[in-house]
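>>> Prediction below, plus the sequence it came from.
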Amino acid sequence: MIDVVMPQMGESIVEGTLTKWLKRAGERVERDEPLFEISTDKVDTEIPSPAAGVLSEILVEEGKTVGINTVVGRIRDSNGAVSGAGAQEPAPAAEAAHPEAEVPQPKTGAPPAAPAGAPAAAQVVEETAGPLSPLVRKMARENNIDLAKVKGTGAGGRITKQDLENYLASQAAQAASPAPQPPAPPPQAPPPRHAAPPPQAQAVATIPQTVEVPRPVFPGEAPANRIEPMSNMRQKIAEHMVFSKHTSAHVTTVHKVDMTRVAKMRDRVKAQFQAQYGFGLTYLPFVVRAAAAALRQYPILNASIDGTNIVYHRDINIGIAVALENGLIVPVIRNADEKTVAGLQRSIVDLAARARSRQLRPEEVQGGTFSITNFGSFGSIFATPVINQPQVAILGCGAVEKEPVVVDEAIAIRSVAYLALTFDHRLIDGALADQFTGRIKQILQDWAEEVM
């Protein structure tokens, strides 16, 4: 038997949601053939089969979130006996098709609730509702929350940050609200004898006051707001971004860059570039090339924090943010400082295309040491991006636009862009961040490297 495990799709990823099985138990699968789909805060992609054979067992159902390296299924390799009867193994298929048959079994009952603040509470919850994110663990620890009392609304009953916030709000409301007192009856004339309700009826009559009755929608009135749950990928992006904001001390510095030399070179060669390589030439590979050179000069921007230690990474692996239809993903260009502008453009086009078609491999979203996001492709001038943990900085590129600027005491039309560097102030000071961004600016403004 060959174990199929939940892969690690990034250095900071500790879990993933199995969203869909592409094969059923008993079906044949080839090596590298898509086997199942997963969703994390970094990637929403298909996972290939590690070997050829028959998918003999499915151990994790669709929609369940499990930790990395968890065995989600097993494959009987090609050397095993495979017959028609072997493809009809009844036990896994019957259990998967009728999960309600397992409900009456006493073993599936919820474990006893752990006392508030007990270390075993998180383990009990994880056994029933799936792994907890680092942010959820931190919130529970800081607020002394008994996780066994929190109802999870995430995939498979998983507890999310919003669940903890709702729980804290409900506890605060209960503590603040005084004990209900029976209202004093207003002085009024006694009702007729035939209309006097019994005491039981009077008590029941007060109950509908606490029931929320939907208000009817009148003709010409706008309909009620539409509510739908977040996708798994959206939930994980939200958790990861909040975790990053509560982990790093975010500061953003913005530099205005004269991109005229780059723009002129791009205009001069873009037609030939398209004809030779089959894809267009954008501004992004120029920025990546300049950033890679600056990272070599300022290696602390290419580092990460591990407790009280600084980890200096040998390789420069730059993650490029790619917008998807339902989220965001950051595939990594490895050894970016060794690539030319043409090589960087090829990598960007390739990674973006395969990210949108869910063809990225797990290792292609791992090992990033620095990230770049190109919000200028949607017309934004500049923004303040959030750091991609466990990195310590991210560079945002604004749109390149022509503006009147003062050059040698005269007004000239120049191609201008804004670069926004968000950095972790726990490790990087403002002066160093400005020196690093200034170096990128200098490389771009003095661009002399030929593209073709």
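That came through, no problem.
>>> you'd agree residue 72 is up against residue 59?
Yes - the criterion here is Cβ atoms under 8 Å, and residue 72 meets it with residue 59 at 5.7 Å. Glycine gets a C-beta too; all of them are placed from N, C-alpha and C.
>>> Please identify which of the two sits among more neighbours.
Applying other Cβ atoms under 10 Å to residue 72 and residue 59 shows that residue 72 carries more neighbours, namely 23 against 15.
>>> hey, C-alpha coordinates of the strand or helix carrying that one in CSV?
Residue 72 is located in strand 71-77, with elements delineated by DSSP states H and E. What follows is strand 71-77, C-alpha atoms only, in CSV (Å, rounded to 0.1, in the frame of the first residue of the first chain):
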residue,chain,number,x,y,z
VAL,A,71,-2.9,10.2,5.3
VAL,A,72,-6.0,10.9,3.3
GLY,A,73,-6.1,7.7,1.2
ARG,A,74,-4.2,4.7,0.2
ILE,A,75,-3.2,3.3,-3.2
ARG,A,76,-2.6,-0.4,-4.0
ASP,A,77,0.3,-0.3,-6.4
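>>> any low-confidence regions in the stretch 1-150 of the chain?
By pLDDT under 70, the weakly predicted segments of the stretch 1-150 of the chain are 10-12, 41-43, 78-135, 138.
>>> Which residue ranges of it form strands?
2-5, 15-21, 28-29, 34-39, 44-48, 53-58, 64-67, 71-77 (DSSP state E, counting those that start in this stretch).
>>> Strand partners (parallel or antiparallel) of the fourth one?
Sheet pairing for strand 34-39, assigned by DSSP bridges, gives strand 15-21 (antiparallel), strand 44-48 (antiparallel).
>>> can you list the residues that contact the strand or helix carrying residue 439?
Residue 439 is part of helix 430-445 when elements are defined by DSSP H and E. For helix 430-445, contacts defined as Cβ atoms under 8 Å, 6 or more residues apart in numbering pick out 251, 253, 255, 257-262, 286-287, 289-291, 293-294, 297-298, 300-301, 393, 395, 419, 421, 423.
>>> Give me the buried positions along stretch 164-177.
164, 167 (16 or more other Cβ atoms under 10 Å).
>>> quick one: that stretch to chain centroid distance?
Relative to its chain's centre, stretch 164-177 lies at 28 Å (Cα atoms, centre = their mean, to the nearest Å).
>>> and if you look at stretch 15-23?
16 Å.
>>> Note down every partner strand of the longest strand belonging to the chain and its orientation.
Ordering each strand of the chain by length in residues (DSSP state E) puts strand 410-424 first. Its sheet considered, strand 410-424 pairs with strand 250-258 (antiparallel), strand 393-397 (antiparallel), strand 401-407 (antiparallel) by DSSP bridges.
>>> before we move on, the earlier item: between the strands of the stretch 1-150 of the chain, which one is closest to residue 409.
Taking Cβ to Cβ, strand 44-48 is the member of the strands of the stretch 1-150 of the chain nearest to residue 409, at 53.5 Å.
>>> Where do the helices of the stretch 151-300 of the chain begin and end?
161-176, 199-205, 232-247, 260-277, 284-297 (DSSP state H, counting those that start in this stretch).
>>> Could you check the strand holding residue 72 and say which residues are buried?
72-76.
>>> same check, this time on stretch 361-378
361-362, 364-366, 368-376.
>>> Please apply the same query to stretch 291-306.
Quick answer for stretch 291-306 (16+ other Cβ under 10 Å): 291-295, 298, 300-305.
>>> Closest one of these to residue 47?
Set against residue 47, the nearest of the buried residues of stretch 291-306 by Cβ to Cβ is residue 304 (26.1 Å).
>>> thought that closest one was touching residue 311?
Yes - with contact defined as Cβ under 8 Å, residue 304 counts as touching residue 311 (4.8 Å).
>>> I figured residue 50 hits residue 29, correct?
No - using Cβ under 8 Å, residue 50 is not in contact with residue 29; the gap is 9.8 Å.
>>> which of the two has more neighbours?
residue 29 (21 against 16).
>>> quick one: that one from residue 348, how far?
Plainly put, residue 29 is 32 Å away from residue 348 if you go by Cβ to Cβ, to the nearest Å.
>>> Residue 164 now?
Residue 164 sits 38 Å away from residue 348 when distances are taken as Cβ to Cβ.
>>> wait, which of the strands of the stretch 1-150 of the chain is closest to residue 266?
That would be strand 44-48 among these, by Cβ to Cβ, at 31.8 Å.
>>> list the contacts for residue 364?
The contact partners of residue 364, taken as Cβ under 8 Å, 6+ apart, are 331-332, 351, 354.
>>> What distance do you get for residue 436 to residue 302?
Taken as Cβ to Cβ, the span from residue 436 to residue 302 is 10 Å.
>>> Repeat that for residue 288.
13 Å.
>>> Also residue 269?
30 Å.
>>> what does residue 30 give?
In this structure, residue 30 and residue 302 are 39 Å apart, going by Cβ to Cβ.
>>> can you list contacts of the helix or strand where residue 343 lies?
Assessed by DSSP H and E, residue 343 sits inside helix 341-356. Outside helix 341-356, the residues that touch it by Cβ under 8 Å, 6+ apart are 43, 45, 273, 277, 279, 281-282, 284-286, 288-289, 320, 322, 324-325, 329, 331, 333, 336, 339, 360, 364, 449, 451-452.
>>> Mutual contacts of residue 436 and residue 302, please.
Residues touching both residue 436 and residue 302 (Cβ under 8 Å, 6+ apart): there are none.
>>> Just flag the most distant two among the buried residues of stretch 291-306.
Counting by Cβ to Cβ, the most remote pair of the buried residues of stretch 291-306 is 293 and 305, 23.7 Å apart.
>>> so what's the residue nearest to residue 231 when sequence neighbours are not counted up against?
Ranked by Cβ to Cβ, 6 or more residues apart in numbering and with sequence neighbours excluded, the top spatial neighbour of residue 231 is residue 326, at 5.6 Å. Each residue near residue 326 by Cβ under 8 Å, 6+ apart is listed here: 44, 231, 233-234.
>>> Okay then, goodbye and thanks.
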